[in-house]
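>>> Predicted model and sequence follow; I will ask about them next.
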Amino acid sequence: MRKLKIKDVVMAALFTALYLIFYMVASGCAMIIGPIGHAISPGICGFLTGAIFIFMTRKIGRFGQFTIMQAICMLLFSIMGAGYLPWLITSMVAAILTDLIASRSEKPAVWKVALASGVFHVGQAWGAIVPSWFFLESYKASWTNRGQTAESMDAMIKWTSGAMGVLSTVIVFALSFAGVYLGWLILRKHLEKKATPVEESTEESAE
């Protein structure tokens, strides 16, 4: 397992900055879709950022890269006033699992990166789904105290509680998984040109 170096941390931060741009785009798309969009917005982001996940595993490829990405995101959201402890916990646990899946070896197979992206973004989605499952009233009270209306919270909770929370989880995972394969299709020729014949052979056998 290769350890992160300072240059890797800097590169992870740059990838995170690019990731956040797509995150904002995904949030805009979610607003257009309506309440269900809020529940699956991490999946929309995952679908748009699959190429970033592929690039990170190819350009950094060290354990901790996705944990750093998620930590930066959570820090910025907290500074913006959107911090929420259950969201932080589910997101960071998922980020560590993501690293365990896709950051323990150099150039992991594409399916591993896709699985990792699914876990990463489900962790974000569970920041709203888990509270809706287990402590709904305190979750609702927390956000209404921050300025959300009871009506808007009820509309969002509809898609994150009970069976709808399970459905939203599946959708988020599927979108994020598919996004990595879309990113791979876009980047494959570029990455193969950069790779040596030996690296190409290793990568193909890993897949």
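Yep, it's here.

>>> middle-most residue in this protein, spatially?
Geometric centre of the chain, nearest residue: His121, 3.2 Å, by C-alpha atoms, centre = their mean.

>>> Work out the gap between the helix or strand where it lies and the centre of the chain.
His121 is located in helix 110-134, with elements delineated by DSSP states H and E. Per C-alpha atoms, centre = their mean, to the nearest Å, the displacement of helix 110-134 from the mean C-alpha position of its chain is 7 Å.

>>> Follow the chain on from it and name the next helix or strand.
Sequence order places helix 136-144 as the next helix or strand after helix 110-134, per DSSP H and E.

>>> so what does that following helix touch, helix or strand wise?
Secondary-structure packing of helix 136-144 (3 or more C-beta pairs under 8 Å, 6 or more residues apart in numbering; DSSP states H and E): helix 110-134, helix 150-157. Where C-beta positions appear, they are placed from N, C-alpha and C, glycine not excepted.

>>> The ones you listed into CSV, with extra columns for mean pLDDT?
Below are these laid out as CSV (pLDDT from 0 to 100):
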stretch, mean pLDDT
helix 110-134, 96
helix 150-157, 86
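
>>> among the ones you listed, which is nearest Val170?
With C-beta to C-beta, the closest approach to Val170 among the helices and strands packed on helix 136-144 belongs to helix 110-134: 9.1 Å.

>>> Packing partners of that closest one?
By 3+ C-beta pairs under 8 Å, 6+ apart, helix 110-134 packs against helix 35-48, helix 50-59, helix 65-79, helix 85-102, helix 136-144, helix 162-194.
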